[in-house]
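# quick check, what structure comes out for this input:
(one chain, ligands or ions: 1)
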Amino acid sequence: MNAVELTAVTKTYGRTRALDAVDLTFDRGVTGLLGPNGAGKTTLLRIVATSIGADSGDVRLLGRDPHGSHAELTAIRRELGYLPQELGYPGDMTAFGFVEYVAVLKEWNDRRRRLREVRRVLELVGLGTMATKRVSRLSGGQRRRVALAQALLGDPRILVLDEPTTGLDPTQRADLRRTLSALGGHCAVLLSTHQTEDVAALCERVVVLAGGTVRFDGTVTDLVATAAGRVWLCDDPGPDALVSWRTGTGRHHVVGGTPPPGAVAAEPTLEDAYLLMLGVDAHDVRAPA
Ligand SMILES: Nc1ncnc2c1ncn2[C@@H]1O[C@H](COP(=O)(O)OP(=O)(O)OP(=O)(O)O)[C@@H](O)[C@H]1O
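Model (predicted):
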């Protein structure tokens with residue numbers, strides 16, 4: 001049994017088909033979800049987080065049906081952590097107060113165990129010394145880490161993170177990568193991001209979504225390999241490049257098209273492979289509802 005099993009999952013908002021017959025399974029390990037704006041990433045994550053239901057198809061989480069009984073849904077949610085794209089903070093709570101509030105909602109009824117767990121997750125995200133600060137007085141990156149802390153309560157078996165690195169500085173991103181890679185040893189970590197370098201640095205597996213369908217599902221190495229021989233460094237922008245730009249060294253990084261004279265083959269990055277796979281207009285490709 002995989003921790004997450006999605007079969008022919010479809011979700012439509014009005015005339016927009018956000019997900020179109022998606023089949024995916026996730027188990028232990030860190031999976032990165034890439035895709036342009038409007039690809040369906042948040043919709044997919046919200047379905048896995050039991051925040052919304054699919055219109056059709058089958059969703060199994062830890063072998064259970066989230067649309068089954070209330071008891072089944074509660075059992076799933078006890079083992080699930082979710083960091084939404086945006087999180088509101090009620091009132092003028094401290095970091096500790098906010099995470100404890102979520103712990104109460106998650107039915108951590110034993111006060112001593114609850115306080116210990118809140119301290120543990122705040123330490124885990126590096127906010128141990130900030131616990132008594134009001135959330136409204138924290139920086140954007142610190143607030144994002146408070147949001148992450150609540151997702152880590154109870155050491156979940158499924159961890160759903162929607163753009164977790166937004167607002168984090170490089171040191172905090174490195175810390176987050178260390179935390180998530182450790183969690184991936186026993187937990188299905190599913191994260192969406194626009195940062196291909198985070199996926200390249202952290203994820204064993206990458207899923208590319210566009211127009212509500214899965215365009216790629218495999219290892220980062222396999223996705224990068226699809227760009228082999230299609231990326232160059234040269235003095236001029238490529239005449240028919242998919243995309244090219246002048247780098248800090250003064251040479252042009254050219255992705256796709258025919259190599260200009262004097263071009264030297266460059267080692268492709270995950271971002272190059274992603275751009276080549278989707279093309280520049282991928283966000284316009286959408287199945288009609
Ligand atoms: N509540 C909603 N009502 C109407 N349309 C929605 C709603 N939520 C999402 N959509 C539409 O569904 C499609 C998929 O949206 P979704 O937020 O899942 O994409 P995404 O890949 O997460 O995008 P982004 O990278 O911009 O966050 C988009 O066309 C979006 O406009």
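# now do the residue of the chain most remote from its centre against residue 238, distance only.
Centroid-distance maximum for the chain: residue 261 at 39.5 Å, with CA atoms, centre = their mean. As judged by CB to CB, to the nearest Å, residue 261 and residue 238 stand 11 Å apart. C-beta here means a position set from N, CA and C on the backbone, and glycine is covered the same way.
# can you check residue 138 too?
45 Å.
# how about the helices in the stretch 51-200 of the chain?
All helices of the stretch 51-200 of the chain, identified by DSSP state H, counting those that start in this stretch, fall at 70-78, 95-105, 111-124, 140-151, 170-183, 196-202.
# send me the fourth one as PDB with only the CA atoms.
Taking only C-alpha atoms (Å, rounded to 0.1, in the frame of the first residue of the first chain), the coordinates of helix 140-151 have been written out as PDB:
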ATOM      1  CA  GLY A 140       8.000  36.800   6.100                       C
ATOM      2  CA  GLY A 141      10.500  33.900   6.200                       C
ATOM      3  CA  GLN A 142      10.000  33.400  10.000                       C
ATOM      4  CA  ARG A 143       6.300  33.400   9.500                       C
ATOM      5  CA  ARG A 144       6.600  30.800   6.800                       C
ATOM      6  CA  ARG A 145       8.600  28.700   9.300                       C
ATOM      7  CA  VAL A 146       5.800  29.000  11.900                       C
ATOM      8  CA  ALA A 147       3.500  27.700   9.200                       C
ATOM      9  CA  LEU A 148       5.800  24.800   8.500                       C
ATOM     10  CA  ALA A 149       6.100  24.000  12.200                       C
ATOM     11  CA  GLN A 150       2.300  23.400  12.500                       C
ATOM     12  CA  ALA A 151       2.500  21.000   9.500                       C
END
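# for that helix, buried residues please.
By neighbour count on 16 or more other CB atoms under 10 Å, the buried set for helix 140-151 is 142, 143, 144, 145, 146, 147, 148, 149, 150, 151.
# residues from the chain in reach of the ligand?
Contact residues, the chain versus the ligand (CB under 6 Å from any ligand atom): 13, 14, 16, 18, 35, 37, 38, 39, 40, 41, 42, 43.
# those residues: which two are farthest apart?
Spanning the widest gap among the residues of the chain next to the ligand are 14 and 35, at 20.3 Å by CB to CB.
# so for those two, which sits in the more crowded spot?
Comparing residue 14 with residue 35 by other CB atoms under 10 Å, the one with more neighbours is residue 35, at 27 against 6.
# circling back: how much space separates the residue farthest from the centre of the chain from residue 234?
8 Å.
# the closest residue to residue 202 other than its chain neighbours and residue 164, how far apart?
The spatially closest residue to residue 202, leaving aside those adjacent along the chain, is residue 177, at 4.9 Å (CB to CB, 6 or more residues apart in numbering). Counting by CB to CB, the gap from residue 177 to residue 164 is 10 Å.
# so which of those two has more stuff around it?
residue 164 (26 against 16).
# let me know the secondary structure of residue 32.
Put simply, residue 32 is strand when judged by DSSP: H, G, I helix; E, B strand; the rest coil.
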